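Novice: With the input below, show me the fold.
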Amino acid sequence: MRLPYLTAIAPLCAVPLSAPSASAQTAGPASPDLDRDIVTVGVGAGFMSDYEGAKHHSFSPVPGAIGTVGGHDFAIIGNRASFNLIRRPDGPAWAIQAGPLIAVNFNRTSRSNIDDPQVRALPKRDLTIEAGGYLGISKTGMLTSRHDMLTLSVSYRHDIFGVHDSAIVTPNLQYFTPLSRKIAVAAFVSADHVGNGYMASYFNITPADSRASGLPAYHGRGGWKNWTLGAAGTVSLSGDLLHGWKLVGAATYSRLLGDAAASPVVRDVGTANQWLGAIGVAYTF
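Specialist: Below you'll find the model as predicted:
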């Protein structure tokens, strides 16, 4: 399975798939939909670059499951999972979000998935797990209605297997709004700050790597790796976002920055402009 960095899509997909606040569009104060547990499972096709910084794209399956159980939100989207330890308050209100976060990094773990022959000649990287947590604050009833949501958060995760042995810090601003009981949309902006080890593993080229690949040797340092803009939406096929089948989709544009953009795997044979997308179906219980 190729899921190198679907963490860019995950912040978008997590809200529109279930859209619990959308029930209040037509439900009365006594509606059980406002308090019940809700779980959505889905599968789709993701269109993503072969490695971080590549020009070539291909399709990969993207599984997902999200929901709210006992007032706690959870999300499993592609290669990333999170759980909110703080119960969501009822109705329009400020809310604190905090909990564990884990991501599986598949970037350059298989040469067979890389189209460019020079990058394919570079050493492949072992699969690794990045674990950490996130902290955020959100407000419902913020802009367009009592049911939209604006969320500001920051996440921290660190490689626990020693592949790149560094941290990734991601501030994120996300806005979600239901347009009706059948349709919901979201948008976000984020950025990634990485350590020296991340840069060395995925963007630097040693003299030995240079001889094997023909790419020039390169040594960059950690810092702000990229910024990302994205949008997502869901359309209920059953007429209700809280029940039955729906179509879901998301797309992001990410711009690599600084030493990451200057790496030969990006500058010479790739591109700093990174596009990701996913489309699929889901079912809400």
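Novice: which regions of the stretch 1-150 of the chain sit below the pLDDT cut-off?
Specialist: Low-confidence segments of the stretch 1-150 of the chain (pLDDT under 70): 1-35.
Novice: so how many other residues sit close to Ala54?
Specialist: By the measure other C-beta atoms under 10 Å, the count of residues near Ala54 is 23. (Each C-beta comes from the backbone N, C-alpha and C, glycine too.)
Novice: So which bits of stretch 78-85 are buried?
Specialist: Judged by neighbour count using 16 or more other C-beta atoms under 10 Å, the buried positions of stretch 78-85 are 78-84.
Novice: At which residues are the helices of the stretch 101-250 of the chain located?
Specialist: Ranges of helices in the stretch 101-250 of the chain, per DSSP state H, counting those that start in this stretch, are 117-120, 196-202, 207-213.
Novice: Include distance to Val185 and mean neighbour count when you put these into TSV, please.
Specialist: TSV is the format used below for the helices of the stretch 101-250 of the chain (distance: least, C-beta to C-beta, whole Å; neighbours: other C-beta atoms under 10 Å):
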stretch	distance to Val185	mean neighbour count
helix 117-120	36	17
helix 196-202	32	21
helix 207-213	42	14
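Novice: Tell me which of these lies nearest to Ile38.
Specialist: Nearest to Ile38 among the helices of the stretch 101-250 of the chain is helix 196-202 (35.8 Å), distances taken as C-beta to C-beta.
Novice: Name the residues that touch that closest one?
Specialist: 51-52, 107-108, 125, 159, 163-166, 168, 220-223, 225, 259-260, 265 (C-beta atoms under 8 Å, 6 or more residues apart in numbering).
Novice: Please state the offset of it from the chain centre?
Specialist: Its chain's average C-alpha position is 20 Å from that of helix 196-202, according to C-alpha atoms, centre = their mean, to the nearest Å.
Novice: what sits opposite Lys246 in the beta ladder?
Specialist: Per DSSP bridges, the residues bridged to Lys246 are Ser236, Ala282.
Novice: whoops, I mixed them up, Ala131
Specialist: Residues in beta-bridge contact with Ala131 (DSSP bridges): Ile102, His158.
Novice: Verify the contact between it and His158 for me.
Specialist: Yes. With contact defined as C-beta atoms under 8 Å, Ala131 counts as touching His158 (6.7 Å).
Novice: overlap in contacts of the two?
Specialist: Going by C-beta under 8 Å, 6+ apart, no residue sits against Ala131 while also sitting against His158.
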